[in-house]
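Undergrad: Predicted model and sequence follow; I will ask about them next.
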Amino acid sequence: MSDVRRAWSTAALLAMGLAIGCKGDGGEDASDTSTSVGPTSADGSSTASTGDTVSGGSMSADGTASTTSTTAPTTTTVDDTGTDTGQVVCGEQFFPDGSPWYTDYSTAAVHPNSEAIVTWLEGAGWGGGDQMRIDFSIEVLEADASTPRLEFEATGDFYTPDCDWVPVPVPDGGALEGEDGYECTTDGDCHLIVYDCEEQRLYEMWRANITGGTFYGGCLAVWDMGMVYPDIGRGDGCTSADAAGFPIAPLLFSADEVAAGEIDHAIRFILPNANIRHFIYTRPATHSTGPTSAPDPAPPYGVHLRLRADFDLDSLPSNGARVVARALQRHGMFLADGGQITLTARSDRFTTAKWEGLLDPYDLSSIRPSDFEVIDWGPDLDWGEVDCTREPLGTPP
């Protein structure tokens with residue numbers, strides 16, 4: 001980020017009284033006061049109408065645009081005998097094996113400052129009442145070639161060159177995070193997340209709002225689902241629809257996964273800005289934000305926490321909670337954004353299983369920061385010393 005944009009990010013937010021909450025440059029929860037959304041048993045489905053498709057590129061290791069994909073995601077189905085059918089289950093796994101979100105980290109090396117980091121966080125707490133809670137509000141929508149692609153009008157939450165500028169598939173009957181439809185009525189993060197299996201693209205937008213016939217959009221990150229991204233993701237120093245620069249969809253756990261008894265990927269977690277180390281991030285994150293304010297040794301953006309192997313799973317109140325905890329032991333959780341509700345699950349509006357009776361927002365509240373250890377991803381990086389360098393998809397305004 002340039003000095004001008006960095007100065008705007010901090011000074012303007014202070015002037016507006018939002019310094020600890022606003023995504024000044026593609027960062028954290030707009031209010032930093034998100035509340036837990038309880039389980040819902042509402043059914044829903046997505047329909048589609050005719051529209052044009054738009055293909056996007058991907059990022060190479062040097063941060064330049066490429067339209068070349070690797071192999072498709074490798075999650076497969078099995079038949080009744082347990083035999084692998086070879087059929088890819090797009091939408092259950094969003095990137096190929098080898099991506100950091102699907103790696104088994106149960107024996108990965110511990111960071112040399114792990115004890116200091118978790119001790120600091122134990123004193124600061126999770127935020128939101130200092131209990132590990134679960135937010136069930138983010139929707140994940142499926143599109144295909146017939147889904148209409150809508151152009152959007154960029155808002156002040158769109159950043160160049162971090163964000164992409166292409167039409168977005170908007171399925172009929174879908175909804176934004178925390179909303180009944182596509183209008184952002186609550187002034188929340190209002191994430192719009194849509195994947196297209198045929199196109200092999202994952203579209204994630206922060207602060208989407210379709211109202212009065214106009215599509216207003218904050219930062220759009222378009223991900224190539226056939227690509228194993230390098231450590232610099234879409235570009236070092238660059239944000240995405242989440243502050244750390246991560247994709248969101250692969251880190252959300254669903255009611256279907258919990259009901260099946262296994263979450264085979266890492267999990268998204270968030271902390272208050274005051275509990276995130278100021279301007280610092282660590283791989284595989286690519287970004288931090290001005291509103292972060294904690295000192296060393298607070299956790300930086302991108303920190304990867306793993307629940308200790310000796311944690312007593314039987315102490316948890318439900319089978320669903322134990323499924324989540326086992327995933328935290330095997331895959332861990334990545335610090336992706338700022339806010340008050342620690343873990344993020346996928347809404348059950350478009351899933352077969354429902355959260356009611358499966359997992360309560362407080363079922364993991366007994367888990368403390370001191371129950372974790374920090375996985376070693378290498379040195380800390382200073383966001384103040386790097387500019388986002390990438391070629392956006394489309395021509396930004």
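TA: Good, I have the coordinates. Residues are numbered from 1 along each chain as shown.
Undergrad: In the chain, where is pLDDT below threshold?
TA: The chain contains residues with pLDDT under 70 at 1-88.
Undergrad: Spit out the contact partners of the spatially most central residue of it.
TA: Central residue check for the chain by C-alpha atoms, centre = their mean: the C-alpha nearest the mean position is that of Ile248, 2.5 Å away. Neighbour list for Ile248: 138, 191, 193, 204, 240-242, 268, 336, 344 [criterion: C-beta atoms under 8 Å, 6 or more residues apart in numbering]. In this view, the C-beta of every residue, glycine as well, is placed from N, C-alpha and C.
Undergrad: distance of it from Ala124?
TA: Distance of Ile248 to Ala124, given as C-beta to C-beta, to the nearest Å: 24 Å.
Undergrad: likewise Glu391?
TA: From Glu391 over to Ala124 (counting by C-beta to C-beta), the distance is 39 Å.
Undergrad: can you check Asp310 too?
TA: The spacing between Asp310 and Ala124, counted by C-beta to C-beta, is 23 Å.
Undergrad: Which one's more surrounded, the two?
TA: Ala124 (18 against 7; other C-beta atoms under 10 Å).
Undergrad: Give me the neighbour count for the closest residue to the more buried one other than its chain neighbours.
TA: Nearest residue to Ala124 in three dimensions, chain neighbours excluded: Asn275, at 4.6 Å (C-beta to C-beta, 6 or more residues apart in numbering). Around Asn275 there are 22 other residues, counting by other C-beta under 10 Å.
Undergrad: Ok, Leu252 next?
TA: Neighbours of Leu252 using other C-beta under 10 Å come to 24.
Undergrad: Next up, the contacts around it.
TA: By C-beta under 8 Å, 6+ apart, the neighbours of Leu252 are 138, 140, 267-268, 344-346.
Undergrad: where along the stretch 201-350 of the chain do the helices fall?
TA: 255-260, 319-330 (DSSP state H, counting those that start in this stretch).
Undergrad: what's the closest of the ones you listed to Tyr102?
TA: With C-beta to C-beta, the closest approach to Tyr102 among the helices of the stretch 201-350 of the chain belongs to helix 319-330: 10.5 Å.
Undergrad: In that closest one, which residues are buried?
TA: Of all the residues in helix 319-330, those buried under the rule 16 or more other C-beta atoms under 10 Å are 320-330.
Undergrad: Who are the packing partners of it?
TA: Applying 3 or more C-beta pairs under 8 Å, 6 or more residues apart in numbering; DSSP states H and E, one finds that helix 319-330 contacts helix 255-260, strand 267-271, strand 304-307.
Undergrad: quick one, which of those is packed in tightest?
TA: Of all the helices and strands packed on helix 319-330, strand 267-271 has the most neighbours on average by mean count of other C-beta atoms under 10 Å, namely a mean of 26.
Undergrad: the inter-axis angle of that strand versus helix 319-330?
TA: For strand 267-271 against helix 319-330, the angle by axes from the mean of the first three to the mean of the last three C-alpha atoms, to 10 degrees is 90 degrees.
Undergrad: For strand 267-271, enumerate the helices and strands it packs against.
TA: Using 3+ C-beta pairs under 8 Å, 6+ apart: strand 267-271 touches helix 319-330, strand 333-338, strand 343-346.
Undergrad: what does the last one contact?
TA: It refers to strand 343-346. 132-136, 138-140, 248, 251-255, 267-270, 324, 333, 336, 355, 359, 364.
Undergrad: Please apply the same query to the longest one.
TA: Helix 319-330 is touched from outside by 104-106, 134, 253, 257-259, 261-267, 305-309, 311, 313-314, 316, 343, 358-359, 363-364, 367, 372, with contacts defined as C-beta under 8 Å, 6+ apart.
Undergrad: same thing but 7 Å
TA: For helix 319-330, the surrounding residues in contact (C-beta atoms under 7 Å, 6 or more residues apart in numbering) are 104, 106, 253, 258, 261-263, 267, 306-307, 309, 311, 313, 316, 358-359, 363-364.
Undergrad: What's the local residue count around the closest residue to Asp236 other than its chain neighbours?
TA: Using C-beta to C-beta, 6+ apart and skipping residues adjacent in sequence, the residue nearest Asp236 is Thr286, 5.2 Å away. Using other C-beta under 10 Å, Thr286 has 29 neighbouring residues.
Undergrad: show me what contacts Thr286?
TA: 232-233, 235-238, 245.
Undergrad: Repeat that for Ile117.
TA: Contacts here follow C-beta under 7 Å, 6+ apart; on that basis Ile117 touches 297, 299, 374.
Undergrad: Apply 8 Å and report the result again.
TA: Per C-beta under 8 Å, 6+ apart, neighbours of Ile117: 111, 297-299, 303, 374.
Undergrad: ok, so what distance separates it from Gly127?
TA: As judged by C-beta to C-beta, Ile117 and Gly127 stand 16 Å apart.
Undergrad: what's the answer for Pro272, then?
TA: Separation of Pro272 from Gly127 (C-beta to C-beta) stands at 4 Å.
Undergrad: which neighbours do those two share?
TA: Residues touching both Pro272 and Gly127 by C-beta under 8 Å, 6+ apart: 339-340.
Undergrad: circling back to that earlier point, of all the contacts of Thr286, which comes closest to Thr155?
TA: Cys238 (18.2 Å).
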